[in-house]
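Undergrad: Give me a 3D structure for the following:
(4 chains)
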4 protein chains.
Amino acid sequence: MIKIGIVGGTGYTGVELLRILATHPQAKLTAITSRKEDGVPVAQMYPSLRGRVDLAFSSPDKANLNECDVVFFATPHGVAMAQAPELLANGVKVIDLAADFRMQDVAQFEKWYGMEHSCKDLLSEAVYGLPELNRDKIKSARLIGNPGCYPTTMQLGFAPLLKAGVIDAGNLIADCKSGVSGAGRKAEIGILFSETSDSFKAYGVAGHRHTPETIEQLQGLTQDKVELLFTPHLVPMIRGMHSTLYAQLTQDISNEALQALFEDAYKDEQFVDVMPFGSHPETRSTRASNMLRIALHRPGNGKHVVILVVQDNLVKGASGQAVQCMNIMFGLDESTGLQHVPVNP
Amino acid sequence: MIKIGIVGGTGYTGVELLRILATHPQAKLTAITSRKEDGVPVAQMYPSLRGRVDLAFSSPDKANLNECDVVFFATPHGVAMAQAPELLANGVKVIDLAADFRMQDVAQFEKWYGMEHSCKDLLSEAVYGLPELNRDKIKSARLIGNPGCYPTTMQLGFAPLLKAGVIDAGNLIADCKSGVSGAGRKAEIGILFSETSDSFKAYGVAGHRHTPETIEQLQGLTQDKVELLFTPHLVPMIRGMHSTLYAQLTQDISNEALQALFEDAYKDEQFVDVMPFGSHPETRSTRASNMLRIALHRPGNGKHVVILVVQDNLVKGASGQAVQCMNIMFGLDESTGLQHVPVNP
Amino acid sequence: MIKIGIVGGTGYTGVELLRILATHPQAKLTAITSRKEDGVPVAQMYPSLRGRVDLAFSSPDKANLNECDVVFFATPHGVAMAQAPELLANGVKVIDLAADFRMQDVAQFEKWYGMEHSCKDLLSEAVYGLPELNRDKIKSARLIGNPGCYPTTMQLGFAPLLKAGVIDAGNLIADCKSGVSGAGRKAEIGILFSETSDSFKAYGVAGHRHTPETIEQLQGLTQDKVELLFTPHLVPMIRGMHSTLYAQLTQDISNEALQALFEDAYKDEQFVDVMPFGSHPETRSTRASNMLRIALHRPGNGKHVVILVVQDNLVKGASGQAVQCMNIMFGLDESTGLQHVPVNP
Amino acid sequence: MIKIGIVGGTGYTGVELLRILATHPQAKLTAITSRKEDGVPVAQMYPSLRGRVDLAFSSPDKANLNECDVVFFATPHGVAMAQAPELLANGVKVIDLAADFRMQDVAQFEKWYGMEHSCKDLLSEAVYGLPELNRDKIKSARLIGNPGCYPTTMQLGFAPLLKAGVIDAGNLIADCKSGVSGAGRKAEIGILFSETSDSFKAYGVAGHRHTPETIEQLQGLTQDKVELLFTPHLVPMIRGMHSTLYAQLTQDISNEALQALFEDAYKDEQFVDVMPFGSHPETRSTRASNMLRIALHRPGNGKHVVILVVQDNLVKGASGQAVQCMNIMFGLDESTGLQHVPVNP
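TA: Numbering: from 1, shown residues only, chains lettered A, B, ... in the order given. Next up is the predicted model:
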């Protein structure tokens, strides 16, 4: 059994980790920290976990995280980099669900996250935790920067085309839509039910933190300079993410060949489903599961390929992907504890 | 034109007042106060009012409320009672959308609202602003305590039966359901989209502030002792309130006679719609309008009468009712500025 | 492995059965019938099942249901009673999720369901599939009438009080609220998104089919005559059911004793969670799981006890309960394949 | 008073017409037809209209539409072209909310709508009813083809840029999102609450009827060949439309100059609100009103301009726009009866 600690388990990625780990056959949850909720049983804050998680939150000083095999950080940006060095020194693996270890470019990190990176020397060994594109490095990693939710969809959607060199890397557009849980569990007016229900809007159009992260990764797949226009939107639904990706073809290529690029790229992947050409995946087809689905379109058989990507932003877009990384790091079958069938309707 | 001031217009009852008053032909909005938002144009906080409301919020000291004809308080409980004496002394009428002037029983007020009543001497002249049951007093009132949203439905639903003496006043049950906007525009976890959407719950079952207010009013309609069991619930919708009222008949009375009690009671009312016996009103049939609809049922022709009442909690349940009171106080036709047709779908 | 057939798997209880059985370690899905969808892969109609269910729908004549160990009917009322005799004669167990075998009173069935019962001789051996109240009979049953969703909550909520004889059996009120999936997957205007979203209503107040079913079962728990007033409502959410039950106490009993009645009644139950006295369970705390939660209230320490009951209407209210019965019938641990942690948020 | 007839008033654009016309000071509703609902009072089908619309549906043969001043067609495609000739011959003006008279290119109409155009000779005099781009022709029109909902947003969003010649007309991308009411009031599985709530998807990516309509109109604004990639999506909300438009700049132009293009273009428009540069309009800021709002972005000051456009799909996207056209045709102030303040929250 893998002894697991969670730092900051009161948010949505935290409770989702708990939901997944509660039935993971190799996971033994040993500590979950929250300074504010010290002593409060997890199941009191989350009645959905009554009878399934017996642990109480404990303040960080009481939780003996150094005895864990792995610690997940489901915390605001900046927390993991403060605690990772000590944990690693004690032989504890670290998976950060925030942004501290996602980007190698420190200047970009500091610009977009508005804080100094306190742990630059660890960055070089930090591994970007997207298994489908980075599995080998994850296997031997001690420190994982778990991808952002939007970047997961953008990378898995653009990667086969970029690798094959059939699209213009300098003209990528990602029009992405996320459920409200992506904004976290924070007491803010803007994400109240009465503010977001029955409405739709874009946000952060001028610039969003997930752009530099995505570009850094995509740039690793091509020699051409990647330029990405990324527009996030807020959908009145709890979970779910839908990315509509636009790329311009630079070659004469058949739709069958495009489809084959994706089917080949993901043929061994348990959590990427390439749907038939021309399909319209719905976010609910991935609800509460670690599955990501992709479908290709070629409107009017023209110069654009449109890639539709859906996932559950809290699972494949966050906590499920983190557990998938853990499974790889500990030599388990990658789908261990991640066999949830999507909840529909 | 009636010169109007609004104290505390940043919440949902405040913006709803603005929506209604923006097209009220006799209303001239002259001041809206918010200490926190001093100088911010109303339309900046509420883009829905762009081009319709030109005012900016001003701090209370700058707003010359004493020159208004009427001031609405769309504030937390306790604010109106602090400012009402001076306004009244200056000849300004006051309509409080909070609870300060709803209840004559000071002890009950202080118990349920957890604050001392600072303005007891004004209570005796305060008028409970439910036009259908209290129109004459409203006409000559200087100071209105605008009813709570739930109490409006419970009173208009039970009143004809209590007045007629055909039900057991000591055994009233009100199972009520409200949209989330009823909880106000506050930065609280419990009313986030991701906490309330796609879910349903009861709250305050042990006791809710609207119970004593409702009992005080209902008791005025009957000699028998009123006992009321009131259970509020939260519905994943923005606006709308549905009260399912249960009463036990104490007389042998036909369904036609029951229906006639309601049709007679409300035959001259512009904002109460008695639907055909056995109807199932939907909250959306009142959305964004000042209409309240009632339908009666007699399951199995048994001893219980079930009264279904729907309204928009922010209109007839709050701001619309306040404007209705204003119209009465200023001798206008009661429906002036309140002719909105419900928005459906 | 239990060989399983499903008749009529295109509705919501059908796809929910598939979701559950897809990860049930002892279940081998061998046939699923749909006359209309003959030949269509299940995963084509339900992309959420891509990669998880390989079966295609087949017309009833092609599906060799007689070779199954058990057949579930997720069909409209009336289908199971036509096919059950042959299946039983071939040694196949039958679990009907519709109403054909729920009620022993044929006259009541025929009155409420508007059809003749074609299979009256089997009724006497049909077992009502509510494990918490009927486990022993389920163990040896060949034919199960799976309870309705509302009746499950009403029975588990009222049972401990009726058995203890502390409430007035002749004055039970159940004010119940269901998510829209309870209305099934039918092309009807009334359950369109634009008709039900952001609104709330009661329906069937004059009388609902679940009333006689519930009374028949509750009557078995007490010598007193049971009278039940049941009011269903439609909530703008997909899944979830919340029943607010009102009963009048006939004895002087402490809240602690009331709570103890429930804790004792369900202390060995894996799928009934008695929450602390005074709790407010949310439907989402059971989402996509087989758990049902109960909380007691005693407003004003008065004569009424209010019982709040929540469940997922498609799981404990339908398909999960059916699998729970199957587990009992085949001697498996009752929670086999039903260990889903509720999905929250 | 303008005598008004409505053909096919049982759908969402029909009931929205009724909501608007019920308070229009110059409108006298004289007939509303529905073959299926002949004799049924409108307010019985739509309780939201109780007390506001007294008319009953009548079969087309009974309704004396020839005596109307104007007839609105809120019908499926193909109905208006069958009836328009007779009405026009009788001096009745016609406004079709369907597609029959939107496109001058008959071949395109017949390809996309799958029916022969039975009324080609009238097409040449049919006027495309988008007042902001076509007001003069509307003034003198007898026959209006009311724009589609998506095309309204795409045209008003792209027009100032195309007219100014600052973008590449051959590379327009419109990623558009609509509330479910846009799909109409039809008994179809795909738009059930349980199918569309809490989910998001694209549809019609391979090709949508609104593409040729939009291209035909946009082509009139520029000499360059217009190519448009249009991707519609379904949002789990009732009303509202959000179009995210992408265009590539072909000139070096400042953001201030871009903004000025829009402010100049719409400075006299009552129903187009150009928001400050960099704003994020929400669909709810237009809910139940005829307002359309636009905001510009220039991510990274790069080569793309992103135009965000929101409207209520049933008002400015359909029925409100039709009434706006009627006002123009009859010489009324354009905002007569269209002064609704958006409903928020």
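
Undergrad: Identify the residues contacting A:Cys176.
TA: Residues near A:Cys176 by C-beta atoms under 8 Å, 6 or more residues apart in numbering or on different chains: A:150, A:153-154, A:230-233, A:241-244. All C-beta spots, glycine's among them, are computed from the backbone N, C-alpha and C.

Undergrad: do you know how far it is from B:Ser197?
TA: A:Cys176 sits 20 Å away from B:Ser197, going by C-beta to C-beta, to the nearest Å.

Undergrad: And A:Gly91, by the same measure?
TA: 42 Å.

Undergrad: more neighbours, the two?
TA: Neighbours were tallied for A:Gly91 and for B:Ser197 using other C-beta atoms under 10 Å in any protein chain shown; the higher tally belongs to B:Ser197 (26 against 11).

Undergrad: Quick one: the helices in the stretch 101-250 of chain A, in order.
TA: Taking DSSP state H, counting those that start in this stretch as the criterion, the stretch 101-250 of chain A carries its helices at A:106-113, A:120-123, A:131-139, A:149-164, A:193-196, A:210-219.

Undergrad: closest to chain B out of these?
TA: Closest to chain B of these is helix A:193-196 (C-beta to the nearest C-beta; 4.3 Å).

Undergrad: mind exporting that closest one as PDB, just the C-alpha atoms?
TA: C-alpha atoms of helix A:193-196 as PDB (Å, rounded to 0.1, in the frame of the first residue of the first chain):
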ATOM      1  CA  PHE A 193     -24.900  30.400  -8.400                       C
ATOM      2  CA  SER A 194     -26.900  33.500  -9.100                       C
ATOM      3  CA  GLU A 195     -24.000  35.100 -10.900                       C
ATOM      4  CA  THR A 196     -23.100  32.200 -13.200                       C
END
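
Undergrad: Quickly check: it near chain D or not.
TA: Yes. Using C-beta under 8 Å from any C-beta of the partner chain, we find that helix A:193-196 touches chain D at A:194-195.

Undergrad: Quick one: residues in contact with that helix.
TA: Residues contacting helix A:193-196 (C-beta under 8 Å, 6+ apart): A:180, A:189-190, A:234, A:236, B:12, B:179-181, B:185, B:191-193, B:195-197, B:236, B:238, D:345.

Undergrad: now that helix, how far from the chain's geometric center?
TA: 25 Å (C-alpha atoms, centre = their mean, to the nearest Å).

Undergrad: Tell me the secondary structure at the residue lying farthest from the centre of chain A.
TA: For chain A, the largest distance from the centre (C-alpha atoms, centre = their mean) belongs to A:Asp252, which lies 33.4 Å off. Here A:Asp252 is recorded as coil under DSSP: H, G, I helix; E, B strand; the rest coil.

Undergrad: ok, it to chain B distance?
TA: Separation of A:Asp252 from chain B (C-beta to the nearest C-beta, to the nearest Å): 46 Å.

Undergrad: tell me the pLDDT at that residue?
TA: On the pLDDT scale, A:Asp252 is placed at 94.

Undergrad: Now do it against A:Leu261, distance only.
TA: Per C-beta to C-beta, A:Asp252 is found 14 Å from A:Leu261.

Undergrad: Report how many residues lie close to the residue nearest to A:Lys120 when sequence neighbours are not counted.
TA: Leaving aside its sequence neighbours, A:Lys120 sits nearest to A:Val106 (C-beta to C-beta, 6 or more residues apart in numbering or on different chains; 5.7 Å). Counted with other C-beta under 10 Å, residues neighbouring A:Val106 total 12.

Undergrad: Pretty sure A:Val106 sits against A:Leu122.
TA: No. When contacts are counted by C-beta atoms under 8 Å, A:Val106 is not listed as touching A:Leu122 (11.4 Å).

Undergrad: Provide the backbone phi and psi angles at A:Ala141.
TA: A:Ala141 adopts backbone torsions of phi -80, psi 150, taken as degrees, to the nearest 10.

Undergrad: repeat for A:Lys36
TA: phi -70, psi -30.

Undergrad: How about it, nearest residue that isn't a chain neighbour?
TA: Nearest non-adjacent residue to A:Lys36, counting by C-beta to C-beta, 6+ apart: A:Thr10, 7.5 Å away.

Undergrad: what about the one you found, how many neighbours?
TA: A:Thr10 has 21 neighbours, counted by other C-beta under 10 Å.

Undergrad: now do A:Asp54
TA: Number of residues near A:Asp54 (other C-beta under 10 Å) recorded here: 12.

Undergrad: Contacts only, for it.
TA: Contacts for A:Asp54 (C-beta under 8 Å, 6+ apart) come out as A:41, A:43.

Undergrad: Now with 10 Å, please.
TA: Taking C-beta atoms under 10 Å, 6 or more residues apart in numbering or on different chains, we find A:Asp54 in contact with A:22, A:29, A:41-43.

Undergrad: do A:Pro85 as well
TA: Taking C-beta under 10 Å, 6+ apart as the test, what A:Pro85 contacts is A:94, A:118-119, A:121-122, A:143.

Undergrad: I figured A:Lys62 hits A:Asp38, correct?
TA: Yes. The pair A:Lys62 / A:Asp38 is scored as a contact, 7.4 Å apart, by C-beta atoms under 10 Å.
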